[in-house]
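In: I need the structure of the sequence given here:
(one chain, ligands or ions: 1)
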Amino acid sequence: MRTLPLLATLAGCPTCGGSLTAATESLSCTACLQDYPVWGGLPWLFPQAKAYRADWSQRLRFYVQSIDKDLQTLKIEQKIPDLLPATLERLRALIQGKTEQLREVEKLLEDLDVPEDPSYELNALAGTPLPEQLSLLGYYANVLRDWGWGEQENQAAFDTVKSLMGEGSLGLMAVLGSGPSRLAYDLHRAYPGTTTLAIDINPFYLQVAARMLAGKTLYFYDFPMAPRNLKSSAVKVRCKAPEAVTSGFHFLLADVRTPCLKPQSLDTLFTPWLIDVMPEDFRSLASRMNALIKIGGQWINFGSLVFHQPLQSQCYSREEVEAILLEQGFELLAKEEREIPYLLAAHNCQKRYEWIFAFRVRKVREVTPWPQLKDQPTWLEHPEEVIPVWPEMQEQIIFNHTLAVILAQVNGERSLADITELLAPQMGMNSEQTLALLRRVLQRSYATRSRTKSF
Ligand SMILES: C[S@@+](CC[C@H](N)C(=O)[O-])C[C@H]1O[C@@H](n2cnc3c(N)ncnc32)[C@H](O)[C@@H]1O
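Out: Reported below is the predicted structural model:
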């Protein structure tokens, strides 16, 4: 694999920082002897590659189960008497779309080995160590936008980035959070001679991107939130790159929170739509970006500044972002603010525009790493430490305990009156109060029975 020799020179061991050597289908650390495998044609450079793979397998499994559930529900709905012919047609289109979509996603991720155990419910409850907000198809619309919906939006994004650039070259460029990778692809093609390393944590996006760059065609479905008409409920979208890329473009699955690239290794760092979705103070992120770039190298950024940090003091404005860039060893070469179209699906009634801030800065000095505030309590790291009870937890304990007591009585044989009789003495309430409570709790459970989880 051509990417492995590049990584052996560019990356360090994500576990111990040692040097990596490339074999045919893996990288290994010369110091701690850890192996970093290639799965599904992509190198996985995570401290615990197997754990990350298990996490993604689990999310794929949840996704498969949720689509199966949607399909079952749609098939039951088809049997409702007196449906209009047009309603039946719409349900059929949804079933066909979801079925084909599922097949396409499973095919792309067939190397993930979906595990059978442990049980779905327990894992759904516990989640996985991957950041919770990163679901398998969380940025799915970006795939359609990048490769299926046409050029308008991609062109607007590329034009904005291009307006920052001088005549120079990009050299060795890493794209962090590259996703389905259209902007990385456009920049790579606009600057011949560039070596591009597209990095993302999500194997689905990189599998799609790898196929696009190889010139393949994929078909995905668009299920608009607000379909314009019957035919818009499930639209088959052909995804294909304008042309294949034959050289200099590489993919890497890694976590940009603990990037394994060597210090001062990059000529160009590119962060499209990334800096405000990272759960990290931008000051600390900027100091880490600084460390990766050579003196005189550049950092190009494109996207929104909608920070969602828990601390308001870290939800920076554009002016603060500019000040942080100077503080963290950069000088501003160019900046651009624009309103651009955002996820303009042709079949959706609703349209969105985003105000974006793009910048291009040059690294002029080294900085000391900005301290990262730890957002993990110590008892999560040290299993022997006592877990304190915080006020919200106390509330959750009472709530969940009560819910568990009520739900445990639902066994497919008892009525509301039966359960009221059983529980009223335990709950210290009279029958009327208990019945009212049971009604509300079970009604809520019933109403949320088919609420879609995002995976
Ligand atoms: C808002 S999307 C932007 C995608 C793409 N750059 C674009 O312009 O459409 C953020 C991307 O960052 C990736 N990402 C989020 N956290 C990451 C992490 N810790 N390490 C690597 N990639 C991450 C997500 O998987 C996703 O592809």
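In: just the residues of this structure that are near the ligand, which are they?
Out: 134, 139, 142, 177-179, 183, 200-202, 205, 255-257, 272-274, 277 (Cβ under 6 Å from any ligand atom). From N, CA and C alone the C-beta is placed, and that goes for glycine too.
In: Which positions within the helix or strand where A54 lies qualify as buried?
Out: Take DSSP states H and E as the rule and A54 turns out to sit in helix 49-77. Within helix 49-77, the residues scored as buried using 16 or more other Cβ atoms under 10 Å are 49, 52-64, 66-67, 70, 74.
In: how big is the angle separating the helix or strand just after that helix from helix 49-77?
Out: Where DSSP H and E defines the elements, the next helix or strand beyond helix 49-77 is helix 85-108. Following axes from the mean of the first three to the mean of the last three Cα atoms, to 10 degrees, one obtains 160 degrees for the angle between helix 85-108 and helix 49-77.
In: Show me what helix 85-108 is packed up against.
Out: helix 49-77, helix 203-213, strand 218-222, strand 235-239 (3 or more Cβ pairs under 8 Å, 6 or more residues apart in numbering; DSSP states H and E).
In: Let me have the ones you listed in a markdown table, adding distance to P369 and mean pLDDT as columns.
Out: Converted to a markdown table, the helices and strands packed on helix 85-108 look like this (distance: least, Cβ to Cβ, whole Å; pLDDT from 0 to 100):
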| stretch | distance to P369 | mean pLDDT |
| --- | --- | --- |
| helix 49-77 | 24 | 90 |
| helix 203-213 | 28 | 98 |
| strand 218-222 | 40 | 97 |
| strand 235-239 | 40 | 97 |
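In: quick one: which of the ones you listed is nearest W379?
Out: W379 sits nearest to helix 49-77 of all these, at 20.4 Å, using Cβ to Cβ.
In: Who are the packing partners of the closest one?
Out: strand 35-39, helix 85-108, helix 120-126.
In: after the shortest one, next one along is what?
Out: In other words, strand 35-39. Immediately after strand 35-39, counting by DSSP H and E, sits strand 42-43.
In: can you check the last one too?
Out: Following the chain from helix 120-126 toward its C-terminal end, the next helix or strand by DSSP H and E is helix 140-147.
In: State the mean pLDDT of that next one.
Out: Mean per-residue pLDDT for helix 140-147: 97.
In: So what's the gap between the next helix or strand after that helix and the chain middle?
Out: Downstream of helix 140-147, the first helix or strand assigned by DSSP H and E is helix 152-162. Computed by Cα atoms, centre = their mean, to the nearest Å, the chain-centroid distance of helix 152-162 equals 22 Å.
In: Also stretch 55-74?
Out: Distance, centroid of stretch 55-74 to centroid of chain: 17 Å (Cα atoms, centre = their mean).
In: Work out for me the element H188 sits within.
Out: Counting by DSSP H and E, the element that carries H188 is helix 182-190.
In: Contacts only, for C315.
Out: Contact analysis of C315 by Cβ atoms under 8 Å, 6 or more residues apart in numbering lists 307-309.
In: which of those count as buried?
Out: Using 16+ other Cβ under 10 Å, the buried members of the contacts of C315 are 307, 309.
In: from the contacts of C315, which single one is nearest P14?
Out: Q309 (24.8 Å).
In: surely that closest one meets D281?
Out: Yes: Q309 is within contact range of D281, at 6.7 Å (criterion: Cβ atoms under 8 Å).
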